[in-house]
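**Student:** Got a predicted structure here, sequence first:
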Amino acid sequence: TNATTETNMCTFSYSTSYRNGTTFQPYYYTSRSSTDWLGYDNNYRVLPAGIPAYVSKNDAAISDITHRFVNNWRSLQETAIPDQRIQFNLQHHWKGKRGPAISSISTASYSMTHTTNVVERNDYDSTAINFQSRDRQYQRQVQINLMENIGLKWKSHHVEWKNLLNQSGREFSTYRTNTLSSENPYQYYAFGYMCRRNLLSQLSGTHTLTPHGMHYEWTLSYNDAFRNEPDLRRINYSLFYNGVDSVYKAQVANVVDPVSGGGRFYQSLREHSFSLHHLLKKDMLWKTHLLELQAGQFLESRQRVFAARVLGYTIKPGATAYQLTQYSLDSLFNPDHTGQSTNFRMDEITSLPDSYTAGNFLVASYVMANLVWSPKWKVQAGVRYEYNLQTLNSFTNLDSSSEVHEKLRTAFFLPSGNISYQLDDKSLLRLAAG
């Protein structure tokens, strides 16, 4: 993106669009946070406060722990509005008679879109069909982009500061039913929300030292990437024809089933990175030949943290389970149905390898020389040194003693050289080694 401009300008645009099959049609969702319209969750969906590091259904306080989880499985309905898009741009240029020239480019955009899809899923084994289902998928996407670029020019110096923020949030609800007559009917539900944030800031400069024939460039960058997917909820209701039990029942068992049995899945990833790139060039004459000398370096440090927890409702088999699992999803996990020894209780199957920290550190330095021997002959030679350190901290299995603390170091010297001969305007003969 540009950071300098020669003009002053201000623009504003608004657009709306109609999406066939979605706009002004029923749209289904679950309860939202007050900041969903801004593309992020304000901790409404995070794990409740006071939850232990690992949840067990046999915990003495499991009733209180289970009741801390919000019963947000109920589907709500609204009418999908047309897609909304807004954009604002502002450019300004300041220049004094003797002082530096300063430019500013600012951009802000916002969009909110709704999508409803009907998806047919078919699985075949040779010529026979294994299963057949139909999904009704409802999604709302919110996107915010902010950009601020500032440029400064003064004599032979040019400095730019570029900033970009991208924030997005996506809610989704999926309702699946099978359409294969040979299968027992089922109703599958999945509700989730995912938000992403990416912040990039870059400060760079170019400086030409005319009396010395030298040119210096540098770029300092910072990046913050965050992804959060709190409280992915999935459950399946099945109908079994056996002459007695011909009702839809929630498939919640005595063990956690995160995919079909009332699972609640939480995951987040955050990554920070810093980098510096700089180079110095000098043009000079060697005898009567043009010689360019160049040296540069790139440094980068990157750190990542990932964490996930897999929880879900469980229930002890028996008469109470037979009765409670027949409730509709709106009331299935009501407070009076949870917490007690024969009711729904929260449990966890998170394993230690479900979380990790990782890092990467890179240093790459080089020197090179480019000699223009004649209009047709050129010689180039240089050497590059790379040092890289990768780290990983996690576990290999459920055993807490099986920790992983990996460090992978590499270091390379990479010399190279080439000679080229310009045959004509379109042909070049080159000999290279490295």
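**Tutor:** Looks like it arrived, so ask away.

**Student:** Let me see the contact set for Asn236.
**Tutor:** Shown in contact with Asn236 (Cβ atoms under 8 Å, 6 or more residues apart in numbering): 186-189, 250-251, 260-261. (C-beta placed from N, C-alpha, C; glycine too.)

**Student:** mind running it again at 6 Å?
**Tutor:** Residues near Asn236 by Cβ atoms under 6 Å, 6 or more residues apart in numbering: 186, 188, 251, 260.

**Student:** For it, pull up the helix or strand it's in.
**Tutor:** strand 214-239 (DSSP states H and E).

**Student:** how far out from the middle of the chain is that strand?
**Tutor:** Offset of strand 214-239 from its chain centre (Cα atoms, centre = their mean, to the nearest Å): 3 Å.

**Student:** average pLDDT across it?
**Tutor:** The pLDDT scores in strand 214-239 average 95.

**Student:** In strands, which of the contacts of Asn236 fall?
**Tutor:** Here DSSP state E is the test, and the contacts of Asn236 give 186, 188 as lying in strands.

**Student:** Rank the contacts of Asn236 by pLDDT and give me only the lowest.
**Tutor:** Lowest pLDDT among these: Tyr186, 89.

**Student:** burial count for it?
**Tutor:** Close neighbours of Tyr186, defined as other Cβ atoms under 10 Å, add up to 18.

**Student:** swap in Trp73?
**Tutor:** 20.

**Student:** quick revisit: same list (the contacts of Asn236) but as CSV, adding distance to Gly417.
**Tutor:** Listed next are the contacts of Asn236 as CSV, based on distance: Cβ to Cβ, whole Å:
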residue, distance to Gly417
Tyr186, 67
Tyr188, 63
Gln251, 67
Ser260, 62
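
**Student:** my hunch is that Tyr52 is in a strand, does that hold up?
**Tutor:** To be clear, residue 52 is Pro; Tyr isn't right here. No - counting by DSSP: H, G, I helix; E, B strand; the rest coil, Pro52 is not found in a strand; it is coil.

**Student:** Now it: phi and psi?
**Tutor:** Main-chain torsions, Pro52, degrees, to the nearest 10: phi -70, psi 170.

**Student:** Roughly how far does it sit from Gln87?
**Tutor:** Applying Cβ to Cβ, to the nearest Å, the value for Pro52 to Gln87 is 46 Å.

**Student:** more neighbours, those two?
**Tutor:** Neighbour totals were compared for Pro52 and Gln87, and Gln87 leads with 15 against 10 (other Cβ under 10 Å).

**Student:** Next, count neighbours for Gly96.
**Tutor:** Gly96 has 8 neighbouring residues, counting by other Cβ under 10 Å.

**Student:** now swap in the one 4 residues further on and tell me
**Tutor:** Pro100 is surrounded by 15 other residues when neighbours are defined as other Cβ under 10 Å.

**Student:** give me every residue that touches it.
**Tutor:** Pro100 makes contact with 152, 154 under the criterion Cβ under 6 Å, 6+ apart.

**Student:** can you check Arg430 too?
**Tutor:** 418, 420.

**Student:** which regions of the protein lie under the pLDDT threshold?
**Tutor:** Residues of the chain meeting the criterion pLDDT under 70: 1, 3, 182, 212, 241-245, 398-401.
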